[in-house]
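[1] sequence unknown, structure follows:
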């Protein structure tokens with residue numbers, strides 16, 4: 001597994017390197033070198049604020065579980081979860097079940113309730129890509145901004161949004177459909193595990209799966225009934241996204257490019273498409289998406305766009321990866337005594 005992660009990063013870095021060479025590596029380096037360090041440093045500060053606000057989303061969502069761990073610990077768990085998501089291919093989706101188990105190591109709360117709380121936190125964390133993205137798209141279409149040949153991006157974004165909305169609506173409001181789907185997918189695992197002689201086959205009986213689904217929906221119902229928690233999640237999640245978008249404007253300012261805020265919002269919203277690349281953290285895919293969108297939508301020159309994409313990712317993705325790695329290392333070192341990690 002470790003070698004796959006390392007290989008994924010190496011492939012992504014190689015792809016970015018090839019991209020820079022094709023665009024003109026000397027010009028890209030020149031654009032990076034003329035970046036004002038004092039201005040660029042502000043991008044890292046904004047990322048810290050974004051992480052703090054997203055940690056507050058987690059704190060509010062997990063509080064509904066009546067756990068016994070302090071807020072600093074939850075913040076440390078959140079940063080560790082970001083690290084695990086970023087080092088996993090398609091980690092934005094695939095890492096969530098594992099993170100629910102990870103959170104469970106710090107509490108006596110059932111796995112299903114942890115999963116429901118984390119899925120809810122992810123909903124508030126990632127929904128601004130679509131709400132603010134839609135606002136930015138509407139403003140861009142109504143303005144005189146350059147907007148050539150982006151039908152592919154807009155169409156792909158619309159399809160992704162539609163699929164996510166239908167999936168979310170089904171999970172939240174169509175429990176019977178969700179239950180049947182989950183049972184039909186997981187029930188065959190019992191037969192496979194029994195044939196392999198694995199003792200966990202009983203966990204995949206229909207009654208056991210239904211019990212777990214009950215636990216999941218118990219937490220979902222509690223969250224839906226707690227309007228103050230939902231409002232806090234909405235506010236903190238959207239504020240965090242704005243502070244994650246602002247570093248792109250700071251990078252543009254540091255490089256000497258004029259980038260209106262609505263175009264920065266649209267670029268970051270659509271850059272989510274870069275995560276379809278099956279590499280850790282969408283490495284190379286997100287950089288390509290940001291650079292391409294800056295060229296197509298904002299009219300930024302190729303070398304400046306590539307330089308801005310790289311600088312933005314260093315201030316957000318790689319910076320977060322480093323902080324999350326430190327948090328994860330502290331927890332792993334203290335494991336299994338995780339309950340004492342940053343205990344209040």
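    Perfect, thanks for sending it. Everything quoted here is computed from the prediction, not taken from an experiment. Residues are numbered from 1 along each chain as shown.
[2] in this structure, which helix is the longest?
    helix 227-255 (DSSP state H).
[3] helices and strands around the helix or strand immediately after it in the chain, which ones?
    Note on helix 227-255: by DSSP states H and E, the next helix or strand toward the C-terminus is helix 261-270. On a contact count with 3 or more C-beta pairs under 8 Å, 6 or more residues apart in numbering; DSSP states H and E, helix 261-270 meets helix 128-142, helix 151-173, helix 227-255, helix 285-296. Where C-beta positions appear, they are placed from N, C-alpha and C, glycine not excepted.
[4] hang on, residue 285 packs against residue 279?
    Yes: between residue 285 and residue 279 there is a contact under C-beta atoms under 8 Å: 6.8 Å.
[5] circling back to that earlier point, next, the angle helix 261-270 makes with the longest helix of the chain.
    Angle of helix 227-255 versus helix 261-270, following axes from the mean of the first three to the mean of the last three C-alpha atoms, to 10 degrees, is 110 degrees.
[6] quick check: angle from helix 227-255 to helix 285-296?
    Going by the same axes, to 10 degrees, helix 227-255 makes 60 degrees with helix 285-296.
[7] may I see the buried residues of helix 227-255?
    229-230, 232-234, 236-255 (16 or more other C-beta atoms under 10 Å).
[8] other SSEs contacting that helix?
    Using 3+ C-beta pairs under 8 Å, 6+ apart, helix 227-255 sits against helix 37-63, helix 111-126, helix 128-142, helix 206-225, helix 261-270, helix 302-313.
[9] so who does residue 5 touch?
    With contacts taken as C-beta atoms under 8 Å, 6 or more residues apart in numbering, residue 5 has the following neighbours: 87-88, 280.
[10] okay, these in TSV with distance to residue 261 and neighbour count next?
    Listed next are the contacts of residue 5 as TSV, based on distance: C-beta to C-beta, whole Å; neighbours: other C-beta atoms under 10 Å:
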residue	distance to residue 261	neighbour count
87	31	22
88	32	20
280	30	23
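[11] filter the residues you listed down to just the ones in helices.
    Filtering those for helices - DSSP H - leaves residue 87.
[12] any chance of the contacts of residue 5 in JSON lines, with pLDDT too?
    Below are those laid out as JSON lines (pLDDT from 0 to 100):
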{"residue": "87", "pLDDT": "81"}
{"residue": "88", "pLDDT": "74"}
{"residue": "280", "pLDDT": "76"}
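[13] and the contacts of residue 5, which is closest to residue 301?
    residue 280 (29.2 Å; C-beta to C-beta).
[14] for the closest one, give the beta-bridge partners.
    residue 89 (DSSP bridges).
[15] under the pLDDT cut-off, which ranges of the stretch 201-344 of the chain? List them.
    201-226, 334-344 (pLDDT under 70).
[16] meant to ask about the stretch 1-150 of the chain, not that
    For the stretch 1-150 of the chain (pLDDT under 70), the answer is 1-2, 4, 66-68, 89-95, 109, 143-150.
[17] was I right about residue 11 contacting residue 279?
    Yes: if you go by C-beta under 8 Å, residue 11 and residue 279 touch, sitting 6.2 Å apart.
[18] who has more neighbours out of those two?
    With neighbours defined as other C-beta atoms under 10 Å, residue 11 and residue 279 compare such that residue 279 has more, 23 against 16.
[19] what residues are up against that one?
    8-9, 11-12, 89, 285.
[20] repeat for residue 61
    117-118, 120-121, 124, 223, 229, 233.
[21] among the helices and strands packed on helix 261-270, which comes closest to residue 31?
    helix 227-255 (6.0 Å).
[22] what's the angle from the closest one to helix 111-126?
    Using the same axes, to 10 degrees: helix 227-255 against helix 111-126 is 40 degrees.
[23] gap between helix 227-255 and the chain center?
    How far helix 227-255 lies from its chain's middle: 13 Å, per C-alpha atoms, centre = their mean, to the nearest Å.
[24] now swap in stretch 25-41 and tell me
    On C-alpha atoms, centre = their mean, the centre of stretch 25-41 falls 27 Å from that of its chain.
[25] before we move on, the earlier item: what's the closest of the helices and strands packed on helix 261-270 to residue 33?
    Nearest of these (C-beta to C-beta): helix 227-255, 10.2 Å.
[26] taking helix 302-313 as reference, get the angle to that closest one.
    140 degrees.
[27] residues contacting residue 35?
    Neighbours of residue 35 in contact, by C-beta under 8 Å, 6+ apart: 251, 254-255, 307, 311.
[28] that one and residue 269: what is the separation?
    Per C-beta to C-beta, to the nearest Å, residue 35 is found 24 Å from residue 269.
[29] got it, and residue 176?
    Relative to residue 269, and taking C-beta to C-beta, residue 176 is found at 34 Å.
[30] can you get me a residue count around residue 259?
    20.
[31] and the helices and strands packed on helix 261-270 as a markdown table, adding distance to residue 53?
    Listed next are those as a markdown table, based on distance: least, C-beta to C-beta, whole Å:
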| stretch | distance to residue 53 |
| --- | --- |
| helix 128-142 | 11 |
| helix 151-173 | 22 |
| helix 227-255 | 4 |
| helix 285-296 | 21 |
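[32] how about these, which one is nearest residue 102?
    helix 227-255 (20.2 Å).
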